[in-house]
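Participant: Kindly generate the corresponding structure for this input.
(2 chains)
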Protein chains: 2
Amino acid sequence: MPKKIFFTPGPSALYFTVEEHLKQATRAQVMEINHRSKQAESYYKEASDNLKALMDIPEDYQVFFLSSATEIWERQLQNLVIEKSFHYCLGAFSNRFYDFAVKWGINAEKSESPFGELPNTDPELIPDDTELITLALNETSTGVSFPQEDIYKIRERHPEALIAVDGVSALPVLDLDFNKVDSVYFSVQKCFGLPAGLGVWIVSPRAIQKAEKKLALGHSIGAYQALPNLLKNGLKNQTTFTANVLNIFLLSRVTSDMLEKGIDVIKREAKYKAALLNHLVENHPKLNHFVADRKLRSKTVTVANTMEGSSEILEKLDQKGFVLGNGYGNYKGKQIRIASFPTHSKEQMELLVDVINATI
Amino acid sequence: MPKKIFFTPGPSALYFTVEEHLKQATRAQVMEINHRSKQAESYYKEASDNLKALMDIPEDYQVFFLSSATEIWERQLQNLVIEKSFHYCLGAFSNRFYDFAVKWGINAEKSESPFGELPNTDPELIPDDTELITLALNETSTGVSFPQEDIYKIRERHPEALIAVDGVSALPVLDLDFNKVDSVYFSVQKCFGLPAGLGVWIVSPRAIQKAEKKLALGHSIGAYQALPNLLKNGLKNQTTFTANVLNIFLLSRVTSDMLEKGIDVIKREAKYKAALLNHLVENHPKLNHFVADRKLRSKTVTVANTMEGSSEILEKLDQKGFVLGNGYGNYKGKQIRIASFPTHSKEQMELLVDVINATI
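Facilitator: Residues are numbered from 1 along each chain as shown, chains lettered A, B, ... in the order given. Predicted structure coming up:
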């Protein structure tokens, strides 16, 4: 059976070099070595260095490897908040971070919008004593992007608060000035095109100081994933537990491939691919844009309402070897979601548009 | 370069069928499918069913997939303890569970032994109001096994407390009556011969009830890894986050291979391999047993003191393609640790013994 091409917004198609790197991993016995060996440390260091180069991350920020972005929601609540957090809720994933805060007993406030829209981002809505402000740069469930300029205005108005950015399905494609945020995280099965099972957490020195302060005040910040412990191990290029070394190796290789290609090329291609998809949705008689405001439309995940339901469309495309995402949650069966990640070539995207036009 | 054989006590040699299953995973696009698809659910179900068959786990126990055994230490503290825990501390890993409890602010007591020995297991030492009792069936850092009969006596004396068993490097090789314990967990890079990046947590109905009770009393039990949420998803054969689907697939395949081979054969071979290693250590002029009491010696991890230090020995064997474990922590450079896991054949073990005798 010929392989299908996954345009799902995560897990998605593997980065096109992963299969070759997997063979190399088997040859180099990456799955058998000790996670504290020099060999494993070299993968950690290379992945961390490459990520810093790709996204222009300040030298004094740290890169840690955990198990998933979902885990990092909890670890942020444990490490970075004593009492009060504030959450921009613009879809299933950004809402879930707020829900986690409530379950952890934190005094959490939010600015919320209907799916497909952006919440009110006026910094004045955020209480002055807020410790952590969270937002998703790209809300994967709705295809809405959070304008970077709004983030920087929030920072200006609330310089003491830590800002946490969910970079899942956004990074490294979208721009982000890391100097103006403190905690950035993503899982690798979206834009990085890797198998699921690894979360990347990038933190500022201020974030680490906050965890140290919380601990010094007598609060628990957990055990092995407490930031001081992550830092102690991270400075040796080691994880705090027997982590997914295979995925760290694959991330080191894929980020190296991306650097070779050039992040500017990747970003330029992303714009072209998003434009193709936007044009398709605008002009197709059976589709229309879920995100009405074109300035807010994601460059990596396009979400379209389907006039006649999405199940049949998805089924027909699947039979032709093109796997697209369904609508999320209540929008299942009503929408399609199409990822245009770095692994998706311009040619694949053009082909997909042709196939959609010929199929529905 | 020819491949090395890893006899390290985890990560260790991959189960001998894993390379073939990895190729199948690539062909079946296991790393690209949605983690909530029917295909992913089928891997969860098969892995869970196979584990239950391999270890004779009661039908009403649940099998959950998390990221590591280290994570499961924390999730047990969150879900299963309100105030008091009791820990058998017999080496680096069982000690670390106790340390975690202290960091989480739990009133934790312990029964401790020097490395290489067993703590006092008299059930009378455990306070009557203890909620959770923890122990490692096989302490990987020292090669000491906790006698199963002692576990069952503790259960008899403390029927209300939950008993948690660290099965890392023990299961599925050592016997364990799951009816007499409530929480059993392991990571897969030891006896199951898989890449690191997956933790398996098996819980009794009583454990789930305890988490529900803790929540009902107004305590936080976390968010996505709270037992009621693990149960809700697990009943659908789904994980609570975008988990390492590749490893769940590989686990379903390797457990299937183990069932085909027969767990009795695996256990019989383990005894033979352990006997070979014990004989080697007893008779080799430069080695002697770290665990003095032969009844306590692990069948899966043999630990030997080296008269002249272990670094040179390990280096020489490595050059011949045999990777053994170093001593743990303070015993680094003083001991060697040799794993005899299900993937290690009798013939490999005989060869290893010959090579050690010829080398040192």
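Participant: Which single residue of the stretch 201-350 of chain A ends up nearest chain B?
Facilitator: Per C-beta to the nearest C-beta, A:N244 is where the stretch 201-350 of chain A lies closest to chain B, at 3.2 Å. Where you see a C-beta, it was placed from the backbone N, CA and C, and this is true even at glycine.
Participant: Identify the spatial nearest neighbour of that residue, chain neighbours not counted.
Facilitator: B:G197 (3.2 Å; C-beta to C-beta, 6 or more residues apart in numbering or on different chains).
Participant: Next, count neighbours for the one you found.
Facilitator: When neighbours are defined as other C-beta atoms under 10 Å in any protein chain shown, B:G197 has 28 of them.
Participant: tell me the centre residue of chain A?
Facilitator: In chain A, the residue lying closest to the centroid (C-alpha atoms, centre = their mean) is A:V168, at 0.8 Å.
Participant: before we move on, the earlier item: and the residue nearest to A:N244, what does it touch?
Facilitator: Contacts for B:G197 (C-beta atoms under 8 Å, 6 or more residues apart in numbering or on different chains) come out as A:67, A:197-198, A:243-247, B:67-68, B:189, B:244, B:247.
Participant: Just flag the most distant two among the residues you listed.
Facilitator: Using C-beta to C-beta, the pair of the contacts of B:G197 lying farthest apart is A:L198 and B:Q189, separated by 15.0 Å.
Participant: For the contacts of B:G197, give me TSV that also has pLDDT.
Facilitator: Listed next are the contacts of B:G197 as TSV, based on pLDDT from 0 to 100:
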residue	pLDDT
A:S67	97
A:G197	97
A:L198	98
A:A243	95
A:N244	97
A:V245	98
A:L246	98
A:N247	98
B:S67	97
B:S68	97
B:Q189	97
B:N244	97
B:N247	98
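Participant: So which of these sit within helices?
Facilitator: Cross-referencing the contacts of B:G197 against helices under DSSP state H gives A:245-247, B:247.
Participant: thinking again about what came up before, for the closest residue to the residue nearest to the centre of chain A other than its chain neighbours, helix, strand, or coil?
Facilitator: Nearest residue to A:V168, sequence neighbours excluded (C-beta to C-beta, 6+ apart): A:F186, at 4.6 Å. Assigned by DSSP: H, G, I helix; E, B strand; the rest coil, the conformation of A:F186 is strand.
Participant: And for A:H21?
Facilitator: helix.
Participant: Which residue, other than its chain neighbours, is closest to it?
Facilitator: Excluding the flanking residues, the one nearest A:H21 by C-beta to C-beta, 6+ apart is A:R253, at 4.4 Å.
Participant: what's the spacing between the one you found and B:T121?
Facilitator: In this view, A:R253 and B:T121 are 48 Å apart by C-beta to C-beta, to the nearest Å.
Participant: Neighbour count for the two, which is higher?
Facilitator: Set A:R253 next to B:T121 and count neighbours by other C-beta under 10 Å: A:R253 wins out with 23 against 19.
Participant: Could you break chain A into its assigned domains?
Facilitator: A:5-13+A:262-359, A:18-260 (automatic domain parsing).
Participant: Which parts of the stretch 101-250 of chain A are helices?
Facilitator: Counting by DSSP state H, counting those that start in this stretch, one finds helices in the stretch 101-250 of chain A at the ranges A:148-157, A:205-216, A:227-234, A:245-261.
Participant: Looking at those, which one is packed in the most?
Facilitator: Greatest average neighbour count among those goes to helix A:245-261 (a mean of 22), per mean count of other C-beta atoms under 10 Å in any protein chain shown.
Participant: which residues are in contact with that helix?
Facilitator: Residues contacting helix A:245-261 (C-beta under 8 Å, 6+ apart): A:15, A:17-18, A:21-22, A:24-25, A:30-31, A:33, A:35, A:40, A:43-44, A:46-47, A:50-51, A:53-54, A:65, A:172, A:188, A:192-195, A:197-198, A:200, A:239, A:266, A:342, B:11, B:195-197.
Participant: Show me where the stretch 201-350 of chain A dips below the pLDDT cut-off.
Facilitator: By pLDDT under 70, the stretch 201-350 of chain A has no low-scoring segment.
Participant: Flag every residue of it that's near chain B.
Facilitator: A:220, A:222-226, A:240-247 (C-beta under 8 Å from any C-beta of the partner chain).
Participant: repeat that with 7 Å
Facilitator: With C-beta under 7 Å from any C-beta of the partner chain as the criterion, the stretch 201-350 of chain A meets chain B at residues A:220, A:222-224, A:241-247.
Participant: Filter the residues you listed down to just the buried residues.
Facilitator: Buried subset of these (neighbour count, 16 or more other C-beta atoms under 10 Å in any protein chain shown): A:222-224, A:241-247.
Participant: contacting residues for the residue nearest to the centre of chain A?
Facilitator: Neighbour list for A:V168: A:69, A:140, A:186-187, A:190 [criterion: C-beta atoms under 7 Å, 6 or more residues apart in numbering or on different chains].
Participant: and which of those is nearest to A:K213?
Facilitator: Using C-beta to C-beta, A:A69 is the member of those that lies nearest A:K213, at 24.8 Å.
Participant: The residue lying closest to the closest one once chain neighbours are set aside: neighbour count?
Facilitator: Nearest non-adjacent residue to A:A69, counting by C-beta to C-beta, 6+ apart: A:S187, 4.2 Å away. Burial of A:S187 is recorded as 28 neighbouring residues (other C-beta under 10 Å).
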